[in-house]
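Chemist: sequence and predicted structure, then a few things I'm wondering about:
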Amino acid sequence: MTKQKKVLIIDCRQEVSSFNPLPSQYENFHIERGDEMMAQEGLNVEFGGALPVFRAAGMEPVLTIAARASSAGVLSAEGWKRLSTEVMDAAAAGVKRGIDGVYFIMHGAMGAENELDPEGWLLAETRKLIGPSVPMVVSLDLHGILTDRMLKQVNGLTIYHTYPHVDFADTGERAAKLLVRLMTENIKPVIARVVIPALVRGHELITKTGFYGDLIREAQRLERDGTALAAGVMIGNPFTDVPELCSQVLVMTDGAEATAKAEAIRIAEEFWPQRRRMQSTFLTLERAVAQAATINGPVLFTDAADATSSGATGDSNLILKGLVRGGYRKRALAQIVDAPAAAAAHKAGVGATIKVTLGGTIDPKRFPPMPVTARVKLLSDGESRFETMQIGISAGPTAVLEIDNLTVVVFTRTIGLFDRAMYYANGLNPKDFDLIVMKSPHAEHHMYDAWVEKNFNIDIPGATSNNLPTLGHTICARPMFPLDEDATFKPIAVAYSR
Ligand SMILES: [Zn+2]
């Protein structure tokens, strides 16, 4: 009888915005150790998709650590030291059990004060532990920044194919299937990479309907018809200002380097001429408020500049101020991170009237605090689950405040706000309001776009503004479109194999 093969599974992820003034800390990470990772079994997450594949292949998963943090500011040097030590200690303990393959689950857009390529460091250290010949597969968010150092460590990769993201488990399943093949077949993986000096945003990125989706479907076609073992189009997180921030096309084949390079170049050459189309269109706050007041049906105000799921602070009060300043009188619903205001509401109790300031507790320079008199409508523990992944969210003590016609959910902690989970969890249905504020560039279609009359993309400052040239990148390679209008593209495919 042959010995049962063992697969080491490690999960470490965060997405940072370099333009968020508050550094992340070790405490931002929710950590599951060893068997605690089984809490993700059956969920729409990478681990949930990968586990059944390893089991079906008769392989034993060796669980190490899953460390995941909500998007936030750059990780502090101290936080990175503690986190990276813990991750590598867990990996080393797993490797000691004798392993035959590694599946590393990552986002790809981490950044630390003293390490601008944390994922590259983690993969390089893991490679040192496992030696040169054990196959290692990484899965990544399409917003990740896949670096040269990462590519040199891995034998294979899979990338999300959807935005808004819904294929978490599917990406894990693809990664696990790829790893099983690398462990059991005589495959000679070669990954071709073409870097495109462009950052993109906007509606064309919605993969179901936008141009970006057309390119991804071509990558999927290569995977399905057997041309490629894996393929993907990554666009980076434009707010993670690190040296290798870029868009890039990846095509992985079994030994066919020329094919991998040619296909990657072909897709990249289709991407580049469309870079202008893949940018956001904006409306000033003043104009959006004025138009919203005259529109009958409900409207959505997209505050992409304060997108907590991309690493923003969540304490922007600019839209609330704009609604008051513009004399908007219909029912509006919004969310904001403000720990002192949430605490004041909890202290005062339901039904009380409190005088507090809203917003600007984390980024007061961009969002000077807004004084309000509010009635405490409802209090909660801020616990919920994301609509898509069904994994937990902990916003800390939370309060629903009513300020005249404005209903505002106030959180203690910054959390992802790309769905309606925290509205529902606090007794609110967005459909009961005339205007809803969403702190995310996009949501799944059915969440808002399917039933609002108009979705206004508001051009206001924030750590994740879609108005990319206004952010002030200092680290990423230049020239880079649209930061530099004169950026040019020379399609060069670099092949990696090990
Ligand atoms: Zn993403």
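Modeler: Nice, I can see it.
Chemist: could you look up the SS state of the residue in the stretch 101-250 of the chain that the ion sits nearest to?
Modeler: Closest contact between the stretch 101-250 of the chain and the ion, by C-beta to the ion, is at His143 (3.5 Å). C-beta: built from backbone N, CA, C; applies to glycine. Three-state assignment for His143 (DSSP: H, G, I helix; E, B strand; the rest coil): coil.
Chemist: likewise for Ala443?
Modeler: Going by three-state DSSP: Ala443 is coil.
Chemist: pretty sure it contacts Ala421?
Modeler: No: Ala443 lies out of contact with Ala421 (C-beta atoms under 8 Å); the separation is 10.9 Å.
Chemist: list of residues touching stretch 71-84?
Modeler: 12, 14-18, 20-29, 67, 110-115, 118, 121-122, 125, 308-313, 414, 416, 463 (C-beta atoms under 8 Å, 6 or more residues apart in numbering).
Chemist: give me the nearest residue to Met389, chain neighbours excluded.
Modeler: Asn44 (5.0 Å; C-beta to C-beta, 6 or more residues apart in numbering).
Chemist: quick one: pLDDT of that neighbour?
Modeler: Asn44 carries a pLDDT value of 95.
Chemist: contacts only, for it.
Modeler: Applying C-beta under 8 Å, 6+ apart, the residues contacting Asn44 are 166, 168-169, 388-390.
Chemist: packing partners of the strand or helix carrying Leu51?
Modeler: Using DSSP states H and E, Leu51 maps to helix 46-56. Contacts defined by 3 or more C-beta pairs under 8 Å, 6 or more residues apart in numbering; DSSP states H and E place helix 46-56 against strand 6-13, strand 60-69, strand 101-106, helix 168-184.
Chemist: who does the helix or strand following the second one pair up with?
Modeler: Later in the chain than strand 60-69, the nearest helix or strand by DSSP H and E is strand 72-73. Partners of strand 72-73 in the sheet, by DSSP bridges, are strand 16-17 (parallel).
Chemist: strand partners of the helix or strand just after the strand it pairs with, parallel vs antiparallel please.
Modeler: Remark: after strand 16-17, the chain's next helix or strand is strand 29-33, criterion DSSP H and E. Sheet pairing of strand 29-33 (DSSP bridges) gives strand 60-69 (antiparallel).
Chemist: got the buried residues for the partner strand?
Modeler: Within strand 60-69, the residues that count as buried by 16 or more other C-beta atoms under 10 Å are 61-69.
Chemist: show me which of those residues is closest to the ion.
Modeler: Nearest member of the buried residues of strand 60-69 to the ion, counting by C-beta to the ion, is Arg68, at 13.0 Å.
Chemist: is the ion contacted by stretch 59-73?
Modeler: No: judged by C-beta under 5 Å from the ion, stretch 59-73 makes no contact with the ion; its nearest approach is 8.9 Å.
Chemist: what about that stretch, distance to the chain center?
Modeler: Taking C-alpha atoms, centre = their mean, to the nearest Å, the mean C-alpha location of stretch 59-73 is offset from the chain mean by 15 Å.
Chemist: and for stretch 324-333?
Modeler: That offset, for stretch 324-333, works out to 31 Å (C-alpha atoms, centre = their mean).
Chemist: end-to-end on that stretch?
Modeler: 13 Å (C-alpha to C-alpha, to the nearest Å).
Chemist: what's that stretch in contact with?
Modeler: Stretch 324-333 has contacts (C-beta under 8 Å, 6+ apart) with 285-286, 289-290, 292-293, 323, 405-409, 423, 428, 430, 432-437.
Chemist: kindly recompute the last result at 7 Å.
Modeler: Stretch 324-333 is contacted by residues 286, 289-290, 292-293, 323, 405-407, 423, 428, 430, 433-437 when judged by C-beta atoms under 7 Å, 6 or more residues apart in numbering.
Chemist: near the ion, which residues of the stretch 1-150 of the chain are found?
Modeler: Counting by C-beta under 5 Å from the ion, the stretch 1-150 of the chain sits next to the ion at 141, 143.
Chemist: please, where are all the strands along the stretch 351-498 of the chain?
Modeler: Assigned by DSSP state E, counting those that start in this stretch, the stretch 351-498 of the chain shows strands spanning 353-358, 370-380, 383-385, 392-394, 398-403, 406-411, 435-438, 454-457, 493-496.
Chemist: wait, which of these is closest to Arg33?
Modeler: When the strands of the stretch 351-498 of the chain are compared by C-beta to C-beta, strand 392-394 sits nearest Arg33, at 16.5 Å.
Chemist: which of the residues in the closest one are buried?
Modeler: Ile393.
Chemist: averaged pLDDT, that strand. What do you get?
Modeler: 90.
Chemist: stretch 226-239 too?
Modeler: 98.
Chemist: stretch 298-308 too?
Modeler: Per-region confidence: stretch 298-308 scores 97 on mean pLDDT.
Chemist: who touches that stretch?
Modeler: Outside stretch 298-308, the residues that reach it (C-beta under 7 Å, 6+ apart) are 70-71, 288, 292, 312-314, 316, 319, 414-417, 433-441, 448, 452-458, 460-462, 464-466.
Chemist: now list the buried members of those residues.
Modeler: Buried by 16+ other C-beta under 10 Å: 70-71, 288, 292, 312-314, 316, 319, 414-417, 433-441, 448, 452, 455-458, 460-462, 464-466, out of the contacts of stretch 298-308.
Chemist: please name the residues that touch Tyr424.
Modeler: Contacts of Tyr424 by C-beta under 7 Å, 6+ apart: none found.
Chemist: how close does it sit to the ion?
Modeler: Distance check for Tyr424 against the ion: by C-beta to the ion, to the nearest Å, it reads 22 Å.
Chemist: ok, back up a step: Gly210: which of the contacts of Asn44 is nearest?
Modeler: Of the contacts of Asn44, the one sitting nearest to Gly210 (C-beta to C-beta) turns out to be Val166, at 14.8 Å.
Chemist: correct me, but that closest one touches Thr388?
Modeler: Yes: checked against C-beta atoms under 7 Å, the pair Val166 and Thr388 is within contact range at 5.8 Å.
Chemist: among the contacts of Asn44, which are in reach of the ion?
Modeler: Counting by C-beta under 5 Å from the ion, no member of the contacts of Asn44 is near the ion.
Chemist: make TSV from those and add neighbour count to it.
Modeler: Putting the contacts of Asn44 into TSV (neighbours: other C-beta atoms under 10 Å) gives the following:
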residue	neighbour count
Val166	16
Phe168	24
Ala169	21
Thr388	18
Met389	19
Gln390	13
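Chemist: please name whichever of the residues you listed scores lowest on pLDDT.
Modeler: Out of the contacts of Asn44, that is Met389, at 81.
Chemist: I'd guessed it sits against Val45; true?
Modeler: Yes: contact status for Met389 versus Val45: in contact at 5.7 Å, counting by C-beta under 7 Å.
Chemist: tell me the contacts of the closest residue to the ion within the stretch 351-498 of the chain?
Modeler: The stretch 351-498 of the chain approaches the ion most closely through Phe418 (9.5 Å), counting by C-beta to the ion. Counting by C-beta under 7 Å, 6+ apart, Phe418 touches 164, 309, 440, 443.
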